[in-house]
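**Q** This is the structure alone, sequence omitted:
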Ligand code: TYC
């Protein structure tokens, strides 16, 4: 079993070196999070990107327009941070929707460090 230190103290000063005890408890690691990224291209219409952000990322029109412009100007933007399963689903939904409308829009995910 992986163990991690647990700081324990009964001193009123909040615990310095002298009052620190090390206990162990089973290691509970939080699952990693994944950034979903939208990439710029020269062909996908701006309105289509705004629609994608409203439809799959539940943004208001104003939020969606702002993020779309960020991608257009900077080349890429994070559009959300999710569990691995949800991020994969979002990427799949965007890529499928773009392909069905014959736009080259690219959406990817990367682990958040
Ligand atoms: N650059 C595109 C255009 O000028 C707009 C665009 C924005 C495309 C964001 C993709 O992820 C994107 N029509």
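**A** It's in. Model, not experiment: these values are computed from the prediction.
**Q** Indicate whether stretch 44-57 makes contact with the ligand.
**A** Yes: on the criterion CB under 6 Å from any ligand atom, stretch 44-57 is in touch with the ligand at 44-46, 49. The C-beta positions use only the backbone N, C-alpha and C, and glycine is treated the same way.
**Q** how near is the most centrally placed residue in the chain to residue 100?
**A** In the chain, the residue lying closest to the centroid (CA atoms, centre = their mean) is residue 81, at 1.7 Å. Using CB to CB, to the nearest Å, we find residue 81 at a distance of 26 Å from residue 100.
**Q** what sits against the residue nearest to the centre of the chain?
**A** Listed by CB atoms under 8 Å, 6 or more residues apart in numbering, the contact partners of residue 81 are 33-36, 112.
**Q** is it possible to export these to TSV including secondary structure and neighbour count?
**A** Compiled in TSV, the contacts of residue 81 are given as follows (DSSP: H, G, I helix; E, B strand; the rest coil; neighbours: other CB atoms under 10 Å):
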residue	secondary structure	neighbour count
33	coil	15
34	strand	22
35	strand	17
36	strand	23
112	coil	12
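**Q** Do I have it right that residue 54 meets residue 65?
**A** No: applying CB atoms under 8 Å as the test, residue 54 and residue 65 come out as separate, 9.5 Å apart.
**Q** Now residue 110: which helix or strand?
**A** strand 106-111 (DSSP states H and E).
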